[in-house]
Structure formats: C-alpha cells, structure tokens
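> here are the coordinates; sequence isn't available:
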C-alpha cells in the first residue's frame, strides 16, 4: 500500500505546479503592472517548441524503427547528449523567437520573468503533473481495492504493466517526493534564469548568449536523461547526486542571469566574458 504521507506530498506538488507560477505572475502584475500576455505566450512557446517540435525531432531520430535509435540509446552518454542538444536548441529557439518577433515591443525586463513563469507552468504540467496525477489515481485504487482490485480496475488500460505499476508507487518514499519537490523549485529557477538570458540576447542583439543558454539548458537535461536511461535499463540511479548536479548548474546560470537582469536598465552591454570580471561599482 501507499502511505498517506506520500499521497499528500504528491497532491501538494500537483497543486503547486498549477498555482505557484500563476500566483507569482499575478503578484508581478499587481506590483510591477506587467502585462499578463507574456505568461500566456510562455505556455504556448513551451508547448510549441518544448513539446511539439521536440517530439517531431525525436520521431525522426529515436523511434525504434530509425537507424539512429540503437546508437543514440546505446549508452548513457549518447542518450544524454542527444536530449541535451535537442532540448537546448528547441526550447531556447522558442524563447528567442518570442522575444525577437512576437514581443519585439516589450522592452521591460519583467517581461522575461512573466514569460518564464508561463513556460515553467506548461513544463511542469507536461513533465510532472500528468505523471503525478496517474500515480495518485493508482495509489487511491490500490489502497481502496488492494492488488487484485487494482489489476481488475486497470485491466483494460493498454500497455500498462500491472506489477510494474504497483511496484513503482509502493516503493516511493517521502524523502524521494521531497527530492522531487526540490527539483521542481530548481527547474522553476532554471526557466526564469534562461528566460532572462535569452531576453537580454534578443533585446541587446548579443547572439552569443543564445548559445550559452543552449549549453546551460542542455546541462540541465542531464539528470532527467540519466534517470530515464536508468529506467530503460532497469537500473536504480542516485537521484540525490543528480539533483545536486542540477542545483550547481542552475546556480551558475543564476549568477550570470542576475547580473544581466541588473545591467539591462542601466544600459550596460555585457558580453559573456564580462560577467566574470570585477566591476568598480560595489552594487553591480
């Protein structure tokens, strides 16, 4: 059976994925008078580039009937590198197009945060919300009806391995759910920092930041790619270590993006190498 503590934790994350980015966007609207349209655009950008366009590329390269499938899924390095390149380019291209073409007249730096919140909310819905909703449904049925009732209830669901489904939810601990919550917070920060960097790249016309953002987004895909690869090979990985790696990468990204955010209104033109130089202004 699945403990109530785990189910409550899942519900908390589920609700937070929907409400937390939206609440921040509303608060920004109240405090900074930012427009709400970038938030809605962020939802669309992630779905268009992060989901649809990425799925098309994945169909071309990692479908089982493709000649590249065996090579790209043959080991964790090629598997992780593939997703790092595809996800990094597709998602950052979506943000860049949004700021350069659709939001060409939106020059307030708060726009980058508002759009990022919508981007993060759609990512959370697609990556985590649906999986958690399924887990909660499974756990509820399992606790109420037992393994036999679970098997009977989901007998008509095509492709669902009953034993694997039961094992996957009964083996979850509260600490693992807490780790998942921490990951979602880190990914929210990642979305905001990347959005700020791409906003600066588009508005200041410094294309090098686009590629810096692609690299950082690619690095942030590594933990998820490794976990998916381990699931494919039925190997248990170290989620805490992968989360620590993600936190370090996002911290480095945050250091750079916060400097760009502060420099934007001051009219300073900073290139990537400038971000690591000491400036005479102690408040920079």
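Looks like it came in fine. Keep in mind that this is a model prediction, so the values were computed, not measured. Numbers count the residues shown, from 1 in each chain.
> ok, and for stretch 52-59, which residues are buried?
Neighbour counts over stretch 52-59 (16 or more other C-beta atoms under 10 Å) mark 53-54, 58 as buried. To be clear about C-beta, it is placed using only N, CA and C from the backbone, and glycine gets the same treatment.
> before we move on, what about stretch 251-259?
In stretch 251-259, counting by 16+ other C-beta under 10 Å, buried: 253-254, 256-257, 259.
> of those residues, which belong to helices?
Among the buried residues of stretch 251-259, DSSP state H puts 253-254, 256-257, 259 in helices.
> need the residues you listed in TSV with pLDDT and distance to residue 107, can you?
Formatted as TSV, those follow (pLDDT from 0 to 100; distance: C-beta to C-beta, whole Å):
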residue	pLDDT	distance to residue 107
253	98	23
254	97	23
256	96	21
257	97	17
259	94	19
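> which among those residues gets closest to residue 188?
Residue 188 lies nearest to residue 254 out of those, by C-beta to C-beta, at 11.5 Å.
> and the gap between the nearest residue to that closest one once chain neighbours are set aside and residue 77?
Nearest-residue entry for residue 254: residue 193, 4.9 Å, with adjacent residues in sequence omitted and distances by C-beta to C-beta, 6 or more residues apart in numbering. Distance from residue 193 to residue 77, counting by C-beta to C-beta, to the nearest Å: 26 Å.
> quick one: buried residues of whichever strand or helix holds the residue nearest to residue 254?
Element membership for residue 193, per DSSP states H and E: helix 174-203. Buried residues in helix 174-203, counting neighbours by 16+ other C-beta under 10 Å, are found at 177, 180, 183-184, 186-203.
> pLDDT of the helix or strand just after it, averaged?
Helices and strands here follow DSSP H and E; after helix 174-203, the next one along the chain is helix 208-232. The average pLDDT for helix 208-232 rounds to 95.
> can we start the residue count at 36 from this point?
Taking 36 as the first residue, the last one we looked at is helix 243-267.
> list the helices and strands helix 243-267 packs on?
For helix 243-267, the packing partners by 3 or more C-beta pairs under 8 Å, 6 or more residues apart in numbering; DSSP states H and E come out as helix 111-132, helix 209-238, helix 274-299.
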